[in-house]
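Peer 1: need the 3D shape of this:
(one chain, ligands or ions: 1)
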Amino acid sequence: MNFMKRLISIQSKKDIPIQYQDTPIGLLFEYHNFGRPDDVYSNPQLLISMCMDNRKRIHIPDNFSFIIRTGGSNLRYSEFKVSYAISVGGVRHLVLIGHTQCGMVDLMSQKEQFVQGLVERAGWTRQAAEEHFTDSVPIFEIGNAVDFVLNETKRLKLRYSKIEIVPLMYRVEDNLLYMIKEDQ
Ligand SMILES: [Zn+2]
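Peer 2: Numbering: from 1, shown residues only. Here you go, the predicted structure:
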């Protein structure tokens, strides 16, 4: 799938949309994409939602951000933690980071590997592993990674209307963060 047509490369501060410059969202790009030296924070500024995938690491200063990691950056089953970061943590900005080559895309194609892996490594019966997989796919399949974070953003904007929520993509091919063209 050609994601690049839908992504906006952020290579310098002028590429960051003006409304995000000098906000925690702009700063996230500065730290991660541009290697801005760490600033000192005593309170969290941001909530990052990203996939559990092992290939990704976000470069940010200590104390800068809460991070919720789930399969596919899916927050549908993590809303208490979102609410907590906002209410108790005090954050006003949330980024939903999807990524290329996400394993939560096209889960059905991974069924045999999933079932076999649970049987061999975790001691499950084949039947239990198959049921677990079948029950879970409708909940955790994200379809297309770009569309998924766009839709999650829409959904969460309705729930947290005063919070700035921005969908982003992480390309595992270059380890950089990208904006998404939202007009597709
Ligand atoms: Zn993923």
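Peer 1: those helices in the chain, which residues are they?
Peer 2: 24-32, 79-87, 111-122, 126-140, 145-159 (DSSP state H).
Peer 1: run through who's touching the first one.
Peer 2: By that I understand helix 24-32. 10, 13, 16, 20, 36, 38-39, 45-46, 48, 58-61, 64-65, 91-93, 95, 164, 166, 176-177 (C-beta atoms under 8 Å, 6 or more residues apart in numbering). Bear in mind the C-beta positions are built from the backbone N, C-alpha and C, glycine included.
Peer 1: distance from the chain centre to it, please.
Peer 2: Put simply, helix 24-32 sits 15 Å off its chain's centre (C-alpha atoms, centre = their mean, to the nearest Å).
Peer 1: distance check, the nearest residue to Ile165 once chain neighbours are set aside against Gln127.
Peer 2: Excluding the flanking residues, the one nearest Ile165 by C-beta to C-beta, 6 or more residues apart in numbering is Leu94, at 4.7 Å. Relative to Gln127, Leu94 is positioned 40 Å away (C-beta to C-beta, to the nearest Å).
Peer 1: of those two, which one has the most company?
Peer 2: Leu94 (27 against 10; other C-beta atoms under 10 Å).
Peer 1: quick one: residues contacting the more buried one.
Peer 2: Leu94 sits in contact with 46-49, 82, 85, 156, 160, 163-166, where contact means C-beta under 8 Å, 6+ apart.
Peer 1: please apply the same query to Pro138.
Peer 2: So Pro138 contacts nothing (C-beta under 8 Å, 6+ apart).
Peer 1: for Asn33, same thing?
Peer 2: 10-11, 176-177.
Peer 1: which members of those residues are the farthest-apart pair?
Peer 2: Greatest spatial distance among the contacts of Asn33 (C-beta to C-beta): Gln11 and Leu177, at 11.0 Å.
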